[in-house]
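[1] I'll drop the sequence and a predicted model, then ask my questions.
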Amino acid sequence: MDRYLVFGHPVRHSKSPFIHTLFARQTQQELEYGLAEPAVDEFAHALRTFFDQGGKGCNVTVPFKEQAFTLVDRLSTRAKRAGAVNTIKLTDDGVLLGDNTDGAGLVADLKSHGVTLADSRILLLGAGGAARGALAPLLAELPSELVIANRTHTKAQQLAAEFHDLGPVTAQAYEQLAGPFDLVINSTSASLQGELPPLTPALIHTDIAIYDMMYGASDTAFISWAKQHGARQTMDGLGMLVEQAAEAFTVWRGIRPGTKQVLRELKRNLGVI
Ligand code: NDP
């Protein structure tokens, strides 16, 4: 049977095996999907061993995405732009192809929530790996403006300069942000510690869409905060997780699985519904 897995550290709580097992059942694909948690300095060896032993493909998550970028034979355009690899496929001619499906997953999830990206003003909080992966797919949707704000402002400036050729992207310090924005995407890891990015509540209004890439059984700190300040449409990153997985599954198997039912089952599994 074709073997896939996700590499990460820690990875025990990953929902990827759950999601891909449901995709395989739904599309009647014979495959198994597991977990691998190599020591941080043993990822390269573990990856090579997996493919030497017949593995067909894998996902890569924190903290190995940047290292995976350097270990594959060939990179997709979107992986090159993201500077990180979250999906690897062994092609029929024996080449390890590195791809990045995170940004496509984000855009697919935003669209599935009915969020309009074309001609919109988007504020992207954070300038880490997740922000980098999101920029090209977001700019491809032709927003009127995309502003990056980050705690370390120079990182936002670097990202804006790097993606400037793809669309109207600028960097602004948190304290200088001027609304109105149609969509705010939180790609910081602040919610992981229950913290908030230093955003003024004056930017939140009833018609704004709020997206937090983080997810959990209850509202993230950022989503709770935005709701308190009047945002009516709030979304967490669970849909992005399922959509990036669907994109990876499509890369591997050439069949696109449906995501709605899988997202519902994942929410049930997490106790969200
Ligand atoms: P990185 O560590 O690369 O970047 C973290 C970013 O958060 C940096 O810009 C950092 O700012 C900022 N930050 C951290 N703490 C704070 C704080 N207290 N206040 C303001 N800014 C802060 O992480 P990633 O980009 O890889 O991941 C970010 C988030 O996205 C994580 O929560 C991750 O779980 C989520 N994610 C979700 C996915 C999904 O499928 N739903 C996929 C990928 C990521 P600075 O530069 O100043 O340090």
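    Thanks, I have it. Numbers count the residues shown, from 1 in each chain.

[2] roughly how far apart are the residue in the stretch 51-200 of the chain that the ligand sits nearest to and residue 188?
    Residue of the stretch 51-200 of the chain nearest the ligand, by Cβ to the nearest ligand atom: residue 128 (2.0 Å). Placement of C-beta: from N, CA and C, glycine included. Residue 128 sits 7 Å away from residue 188, going by Cβ to Cβ, to the nearest Å.

[3] cool, and residue 65?
    Using Cβ to Cβ, residue 65 is found at 17 Å from residue 188.

[4] Kindly report the same for residue 175.
    Distance of residue 175 to residue 188, computed by Cβ to Cβ: 16 Å.

[5] In terms of neighbours, single out the busier of these two.
    With neighbours defined as other Cβ atoms under 10 Å, residue 175 and residue 188 compare such that residue 188 has more, 25 against 10.

[6] is it true that the more buried one lies in a helix?
    No: Residue 188 sits outside any helix when classified using DSSP: H, G, I helix; E, B strand; the rest coil, being coil.

[7] residues in contact with it?
    When contacts are counted by Cβ atoms under 8 Å, 6 or more residues apart in numbering, residue 188 touches 125, 126, 128, 150, 151, 197.

[8] Not counting its neighbours along the chain, what's nearest it?
    Spatially, and ignoring its direct neighbours in sequence, residue 188 is nearest to residue 126 (3.8 Å; Cβ to Cβ, 6 or more residues apart in numbering).

[9] count of neighbours near the one you found?
    Residue 126: 24 neighbours (other Cβ under 10 Å).

[10] From what I see, it and residue 187 are in contact.
    Yes: with contact defined as Cβ atoms under 8 Å, residue 126 reaches residue 187; the gap is 3.8 Å.

[11] Would you mind listing what in the stretch 151-273 of the chain touches the ligand?
    Contact residues, the stretch 151-273 of the chain versus the ligand (Cβ under 6 Å from any ligand atom): 151-152, 155, 187-190, 192, 195, 197, 213-215, 237, 240-241, 244.

[12] Filter those down to the buried ones.
    The neighbour-count test (16 or more other Cβ atoms under 10 Å) marks 155, 187-190, 197, 213-215, 237, 240-241, 244 as buried among these.

[13] May I see those arranged in a markdown table, with pLDDT as well?
    Output for these, formatted as a markdown table (pLDDT from 0 to 100):
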| residue | pLDDT |
| --- | --- |
| 155 | 97 |
| 187 | 97 |
| 188 | 96 |
| 189 | 92 |
| 190 | 92 |
| 197 | 97 |
| 213 | 96 |
| 214 | 94 |
| 215 | 92 |
| 237 | 96 |
| 240 | 98 |
| 241 | 98 |
| 244 | 98 |
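
[14] quick one: the strands in this structure?
    2-7, 31-36, 57-60, 74-75, 87-90, 96-99, 121-125, 145-149, 169-171, 183-186, 209-212, 233-236 (DSSP state E).

[15] Tabulate those strands (CSV), appending mean pLDDT and mean neighbour count.
    Formatted as CSV, the strands of the chain follow (pLDDT from 0 to 100; neighbours: other Cβ atoms under 10 Å):
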stretch, mean pLDDT, mean neighbour count
strand 2-7, 98, 22
strand 31-36, 98, 17
strand 57-60, 98, 28
strand 74-75, 98, 16
strand 87-90, 98, 24
strand 96-99, 98, 21
strand 121-125, 98, 24
strand 145-149, 98, 22
strand 169-171, 98, 19
strand 183-186, 98, 26
strand 209-212, 98, 25
strand 233-236, 97, 20
